[in-house]
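In: I need the structure of the sequence given here:
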Amino acid sequence: GLSVDDEDELLYGDAEPVFTTEPLDPEPPPQTNTPDPGGDVEGLMTPTYWCCVCTRGGQLLIYTLPDLTHVFTVENFSNGGRVLVNEMTEVDSGSGDQVVRPVRELLVCGLGVDNSRPYVIALLDEELFIYETFPFSQCDPGTLAVRFKKFQHDVVFRERRITKTAKKFGKDKNKVEEEQCQFPKPSLTLFTDVSTYSGVFISGTHPLWIFMTIRGCLRIHHMWIDGPVLSFSSFHNVNCPHGFLYFNNKCELRIAALPPHMNYDSYWPVRKIPIRCTPHFISYHLESKTYSLVTSAKETMTKIPKMVGDEREYETIERGERFVSPTLKRFSLQLITPTTWEIIPNSKIEMNEFEHVTCMKTIHLKSEGSVSGLHGYVVLGTTHPCGEELPCRGRILIYNVIEVVPEPGQPLTKNKYKVIYDKDQKGAVTALAEVSGYLVAAIGQKIFIYSMVREKDLIGVAFIDSTIYVHSIAVVKSFILASDVFKSSALLRFDETNKTLHLVSRDCHALETYSSTFMVDNNQLGFLVSDSEKNLIMFTYQPEARESHGGTRLIWRADFNCGYLVNTFFSIRCKIYDPGLRDQEIRNQQQILEKRQVTFFGTLDGGIAFVLPVTEKIYRRLLMLQNILTAYLNHHAGLNPRACRQLRVKRKLLLNPQHNILDGELIFKYAHLSLGERNEIARKLGTNVDQLLDDITEIERTTHHF
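Out: Here you go, the predicted structure:
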């Protein structure tokens, strides 16, 4: 019989890669109308060799080797067209007054399985072009039967303008240019089999990895760990298998390897940790450097709860073997160590039957045993939803993560939970937070402020009546933003001196909120809320405004339909460090970002996005750009992005949509247009291309934390 290799050869054929490292054939067959480089032909495929040249006039020329026959020409290659076509037969009209941008480096390589997918990667001074080759048979004889399609990436490959920086700080332009020349220039390096991945590494001030994954997708990842990279090379050794070498900006040689447990076939590098159950909440405990995780697993229930006096009892029901018993979630709390991302053995705490964990946070409460006066505790809020016949009750659980003597052979067991507080409450505990060292808890239809006494008991110091069901609480200093599931959001303030909690302002509209948070921009404070109609709504507190009715109502300031149900927010200070900035005077312009925060949010569909406050000048410029791109670009299925981002409500409101939030996904498409399209749009706006690209670069650099 035939072997497995013979059967594969008969079934699939014996295809050779397009780009190989074999020596050149001294007498290759002449090429006329060249077939598709990646296509199948009868019999064996003969490898062909090409020479790609970029001229000073901005042309891309392709020749055959070794006879150097001209088979492909692209005029104005540095303009970055969406599709590169062969312009050999067209009459050259000249570049006219167009500015020809020099191509710093050109790389033509085959990626993917057997190097079967050719890519053209060009590096300009401030841009990165990636083109993918696809076959095109309707071509003239004697020309290359391919075309090139531009790959859309989200990398802003741009530095700050020298003339603008020099003018702002009154420095000599030549001096700034000398400082700029000290930064490493970007370069392209092809690598193969670096932790089973192949692709291209871009060294320079902002180093990048371009991976070709198994699924055939290009993934681009930044490498911020060691600053600028001068040079790069793959490296394979017994002590460092399938690794790489690079020199950092301090001329230090680094021998490194990619973490084998990370998956780079995604937007961000991801590591999947199996826990064999459903996670609900996760929180970091700073003192012990561990994570607390709340999970649930389904269990078969054969009990029915009932009330006997004031006590809840469970009656066991006997059924036959063929009876299908219902399943309920059984919640538990456990510790995870970030060193190995393993669950610490013997740290699991099971919740009671029919008890659901509704909230969990690491909260810093006042403690006499710490130097700072605050100590972090893991606080849980639970509820017992047992039907309409039984009253809904809950518990507040407070745990401290302590260090103990580890068990023999188990060094991870040095951390354990210690119960600090465990008492039943008169209602369901639906939200938790901390304000000025006190515990804020939403219990039933009230919001309570608790103080910890002697690290073993809670004493109520203030409370206020809420609306229906408060499920989200955010705190900034002494201000509390409470969101109700049906009655929108309310702003509260806690007076620590008088131990009082009072209502400051609220939104009077019937809004089904999902989550809420604060937005901080220097001395301005906003309140960002998500609702059930996939809207993002921002409120402000302005008591001097007429429509606020003396400060009793929050002002509807902005709205945006993101198309996803947002269930969580978290804020991070804008990124200040930039490897391209060295001079202290240039760094001083970043001081305004120290008090500006970027708000990230997660959706129920598994997406992550962010909202960033910008200045009025940048907003006006980008708003005009957004309006032009709405009509200028060809959108998917002919849909209108402006109508897609309109506010959506179930019932009509007695107010007009405010907008005031820009669509960043649409605006960032401007950076990937060709040079002619950019100039045309900038001319319509009455500005220049550099100004628009500087605004986009500023947004990208200040939000790229991951």
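In: C-alpha from now on. contacts and neighbour counts both.
Out: Will do.
In: The stretch 251-400 of the chain: helices as residue ranges?
Out: For the stretch 251-400 of the chain, applying DSSP state H, counting those that start in this stretch gives no helices.
In: where in it is pLDDT low?
Out: 369 (pLDDT under 70).
In: switch the cut-off to 80
Out: 307-312, 368-372, 386-391 (pLDDT under 80).
In: Quick one: the strands in it, in order.
Out: 253-256, 278-285, 290-300, 303-308, 311-316, 327-337, 342-343, 349-350, 356-366, 374-383, 394-403 (DSSP state E, counting those that start in this stretch).
In: So for Leu655, which of these sits nearest?
Out: Smallest distance to Leu655 across those (CA to CA): 34.1 Å, for strand 356-366.
In: That closest one packs against which elements?
Out: strand 278-285, strand 327-337, strand 374-383, strand 429-435, strand 438-443, strand 446-453 (3 or more CA pairs under 8 Å, 6 or more residues apart in numbering; DSSP states H and E).
In: What strands flank the second one, and is each parallel or antiparallel?
Out: Strand 327-337 sits in its sheet next to strand 290-300 (antiparallel), strand 342-343 (antiparallel), strand 349-350 (antiparallel), going by DSSP bridges.
In: what do you get for the shortest one?
Out: Next to strand 438-443 in the sheet, as set by DSSP bridges, lie strand 429-435 (antiparallel), strand 446-453 (antiparallel).
In: So what does Leu60 have for phi and psi?
Out: phi -110, psi 120 (degrees, to the nearest 10).
In: I meant Thr697, not that one.
Out: Torsion angles, degrees, to the nearest 10, at Thr697: phi -60, psi -40.
In: just the one 3 residues further on next, same as before
Out: Backbone geometry at Glu700, expressed as degrees, to the nearest 10, gives phi -70, psi -40.
In: is it true that it touches Phe157?
Out: No - counting by CA atoms under 8 Å, Glu700 stays clear of Phe157, with 10.3 Å between them.
In: on that earlier part again, switch the strands of the stretch 251-400 of the chain over to JSON lines; also include distance to Lys272.
Out: Compiled in JSON lines, those are given as follows (distance: least, CA to CA, whole Å):
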{"stretch": "strand 253-256", "distance to Lys272": "22"}
{"stretch": "strand 278-285", "distance to Lys272": "13"}
{"stretch": "strand 290-300", "distance to Lys272": "15"}
{"stretch": "strand 303-308", "distance to Lys272": "36"}
{"stretch": "strand 311-316", "distance to Lys272": "39"}
{"stretch": "strand 327-337", "distance to Lys272": "14"}
{"stretch": "strand 342-343", "distance to Lys272": "12"}
{"stretch": "strand 349-350", "distance to Lys272": "23"}
{"stretch": "strand 356-366", "distance to Lys272": "22"}
{"stretch": "strand 374-383", "distance to Lys272": "24"}
{"stretch": "strand 394-403", "distance to Lys272": "25"}
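In: Now these in TSV, please, with extra columns for mean neighbour count and distance to Gly112.
Out: Converted to TSV, the strands of the stretch 251-400 of the chain look like this (neighbours: other CA atoms under 10 Å; distance: least, CA to CA, whole Å):
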stretch	mean neighbour count	distance to Gly112
strand 253-256	14	24
strand 278-285	16	36
strand 290-300	18	38
strand 303-308	13	57
strand 311-316	11	60
strand 327-337	19	37
strand 342-343	17	34
strand 349-350	14	47
strand 356-366	23	45
strand 374-383	22	47
strand 394-403	20	48
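In: right, and those - which one's nearest Asp605?
Out: When these are compared by CA to CA, strand 278-285 sits nearest Asp605, at 15.0 Å.
In: quick one: contacts of the closest one?
Out: 290-297, 359-362, 376-378, 401 (CA atoms under 8 Å, 6 or more residues apart in numbering).
In: before we move on, the earlier item: give me the more crowded residue out of Glu700 and Phe157.
Out: Phe157 (19 against 16; other CA atoms under 10 Å).
In: residue contacts, the more buried one?
Out: Taking CA under 8 Å, 6+ apart, one finds 126-128 in contact with Phe157.
In: Let's see that with 6 Å instead.
Out: Residues near Phe157 by CA atoms under 6 Å, 6 or more residues apart in numbering: 126-127.
In: Now name the helix or strand holding it.
Out: Using DSSP states H and E, Phe157 is not contained in any helix or strand.
In: And it, how far from Val405?
Out: Applying CA to CA, to the nearest Å, the value for Phe157 to Val405 is 52 Å.
In: With Thr213 instead?
Out: Thr213 is 45 Å from Val405, by CA to CA.
In: More neighbours: which of those two?
Out: Taking other CA under 10 Å, Thr213 and Val405 do not tie; Thr213 has more neighbours (20 against 10).
In: Now the more buried one: closest residue in space, sequence neighbours ignored.
Out: Nearest residue to Thr213, sequence neighbours excluded (CA to CA, 6 or more residues apart in numbering): Asp265, at 5.9 Å.
In: same question, Phe600
Out: Phe610 (4.1 Å).
In: Wait, a strand at the one you found?
Out: Yes - looking at Phe610 with DSSP: H, G, I helix; E, B strand; the rest coil, it is inside a strand.
In: ok, now which ones touch it?
Out: 599-601.
In: now for the strands of the stretch 251-400 of the chain, which one comes closest to Asn679?
Out: strand 253-256 (42.4 Å).
In: could you say what helices and strands the closest one packs with?
Out: Here strand 253-256 touches strand 243-248, going by 3 or more CA pairs under 6 Å, 6 or more residues apart in numbering; DSSP states H and E.
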